[in-house]
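Trainee: pasting the structure only:
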Ligand code: KG4
Ligand code: ZN
């Protein structure tokens, strides 16, 4: 019988407490996600101290539930994988400590995982990875184009110079009175409006692979404030559609450019903002039009946001490549993307 490789994975980098059991890197036996969104909404964003306290309250319950739902015990496990950065230090520390305790108590290898590598591997649940590969990773904290010549080797070829795409969604959402995190609602509103405002597309035509979203955010906020001062009420659906069109135009344009500069077999779309319907449709269209021989895997909608299943999938690859953390593993809030272990 083939070996059954079971990884217990932890994700606590931001505001979701999540524990999963993953079989052979590709099968989700359980993926428990305890979200704290309600606790942060009244502050309009994640409050780090509140987040770490929630993680402490929930982490053991999540472990118990993950094992129970997967119908496995500690003795069945092969390894423990954990996000150790990037993220909020107090939040990361809860997951890192819990993972160390389980690994130490049950004498299991401890596998360090970069949160962004985790996002990428959410797409592994859709299909097999092919190399060379390109990924567009778009989340609340990061917006990056990553080139992977082979498995377990990552090179950032483009990134945001200011706000991340998700961060821009959350900030303009706040101006429209949408609760944090605003991305999903703005996406829904965008589908009901039209690009009537023609906001700027920063760096779209520049000869590089970087992004910038702060100018768009400012243009949006100025437009709304100016209208407020005139006592005018702008159509929120058109505002959302115009904002989204700018974001999607820039993301798609730079991704197509990256694929021309770095020929690959496959494109991966992942991260919280990968749930965006406008972005998914646009990439579907552009890939067929400009790079028809490159296959695309979009992370499943349910696994675009933070979750431990993706950490288990990435952890399995790290495990196979011999990555092991010592008991001195620490949280690294600013962990660089090219140290993707
Ligand atoms: O990856 P993620 O769960 O957390 C980070 O690692 O940052 O991403 C969360 C971000 C939030 O900014 C949220 O507003 C955004 O993803 N988001 C969306 C959508 N769903 C979530 N942005 C645009 N469209 C969506 N449908
Ligand atoms: Zn994330």
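Mentor: Yep, it's here. Every value quoted in this text rests on a predicted model; they were computed, and no experiment measured them. Numbers count the residues shown, from 1 in each chain. Ligands and ions are numbered 1, 2, ... in the order given.
Trainee: Enumerate the residues of the stretch 201-341 of the chain near ligand 1.
Mentor: Residues of the stretch 201-341 of the chain lying close to ligand 1 (Cβ under 6 Å from any ligand atom) are 271-273, 275-276, 305-306. The C-beta positions use only the backbone N, C-alpha and C, and glycine is treated the same way.
Trainee: what's the most distant pair in these?
Mentor: Distance extremes for those: the farthest pair is 276 and 306 at 15.9 Å, using Cβ to Cβ.
Trainee: with the residues of the stretch 201-341 of the chain next to ligand 1 in mind, which one is nearest to ligand 2?
Mentor: Using Cβ to the ion, residue 306 is the member of those that lies nearest ligand 2, at 4.4 Å.
Trainee: That closest one and residue 18 touch, don't they?
Mentor: Yes - Residue 306 lies in contact with residue 18 (Cβ atoms under 8 Å); the separation is 6.6 Å.
Trainee: shared neighbours, these two?
Mentor: Common neighbours of residue 306 and residue 18, using Cβ atoms under 8 Å, 6 or more residues apart in numbering, are 11, 33.
Trainee: Just give me the residue closest to the centre of the protein.
Mentor: residue 271 (2.6 Å; Cα atoms, centre = their mean).
Trainee: Could you measure from that one over to residue 59?
Mentor: Note on residue 271: its distance to residue 59, by Cβ to Cβ, to the nearest Å, is 23 Å.
Trainee: now swap in residue 283 and tell me
Mentor: In terms of Cβ to Cβ, residue 283 sits 35 Å off from residue 59.
Trainee: do residue 276 as well
Mentor: Residue 276 is 30 Å from residue 59, by Cβ to Cβ.
Trainee: by contact count, what packs against the worst-scoring helix or strand of the chain on mean pLDDT?
Mentor: Here the helix or strand of the chain ranked lowest by mean pLDDT, DSSP states H and E is helix 37-41, holding a mean of 76. Here helix 37-41 touches helix 48-70, going by 3 or more Cβ pairs under 8 Å, 6 or more residues apart in numbering; DSSP states H and E.
Trainee: and the helix or strand following the helix it packs on, how far from the chain's centre?
Mentor: Sequence-wise, the next helix or strand beyond helix 48-70 is strand 79-85, with elements assigned using DSSP states H and E. Relative to the mean C-alpha coordinate of its chain, strand 79-85 is positioned 16 Å out (Cα atoms, centre = their mean, to the nearest Å).
Trainee: Which secondary structure elements does the helix or strand that contains residue 316 sit against?
Mentor: In the assignment (DSSP H and E), residue 316 maps to helix 308-320. Applying 3+ Cβ pairs under 8 Å, 6+ apart, one finds that helix 308-320 contacts strand 6-11, strand 16-23, strand 27-35, strand 79-85, strand 110-114, helix 115-121.
Trainee: Paired strands for the longest one, with orientation please.
Mentor: Sheet neighbours of strand 27-35, with direction, are listed as strand 16-23 (antiparallel) (DSSP bridges).
Trainee: how much space between the residue lying closest to residue 215 once chain neighbours are set aside and ligand 2?
Mentor: Closest residue in space to residue 215, ignoring its immediate chain neighbours: residue 202 at 4.7 Å, by Cβ to Cβ, 6 or more residues apart in numbering. Separation of residue 202 from ligand 2 (Cβ to the ion, to the nearest Å): 23 Å.
Trainee: re the thing from before, so for the helix holding residue 316, what gets flagged as buried?
Mentor: 308-319 (16 or more other Cβ atoms under 10 Å).
Trainee: Just want the angle from that helix to strand 79-85.
Mentor: Counting by axes from the mean of the first three to the mean of the last three Cα atoms, to 10 degrees, helix 308-320 lies at 110 degrees to strand 79-85.
Trainee: and helix 308-320, average pLDDT?
Mentor: In this model, helix 308-320 has an average pLDDT of 98.
Trainee: which helix in the protein runs the most residues?
Mentor: When the chain is parsed with DSSP state H, its longest helix is helix 236-261.
Trainee: show me what contacts the residue of the stretch 51-200 of the chain at minimum distance from ligand 2?
Mentor: Going by Cβ to the ion, ligand 2 is nearest to residue 139 of the stretch 51-200 of the chain, at 4.4 Å. Counting by Cβ under 8 Å, 6+ apart, residue 139 touches 116, 119, 164-166, 271-273.
Trainee: redo that, cut-off 6 Å
Mentor: 166, 271-272 (Cβ atoms under 6 Å, 6 or more residues apart in numbering).
Trainee: so who does the closest residue in space to it that isn't next to it in sequence touch?
Mentor: For residue 139, ignoring the flanking residues on the chain, the nearest one in space by Cβ to Cβ, 6+ apart is residue 271 at 3.7 Å. Counting by Cβ under 6 Å, 6+ apart, residue 271 touches 119, 137-139.
Trainee: what do you get for residue 89?
Mentor: Neighbouring residues of residue 89 by Cβ under 6 Å, 6+ apart: 331, 333.
Trainee: again, but for the one 4 residues further on
Mentor: For residue 93, the contacting residues are residue 331, taking Cβ under 6 Å, 6+ apart as the criterion.
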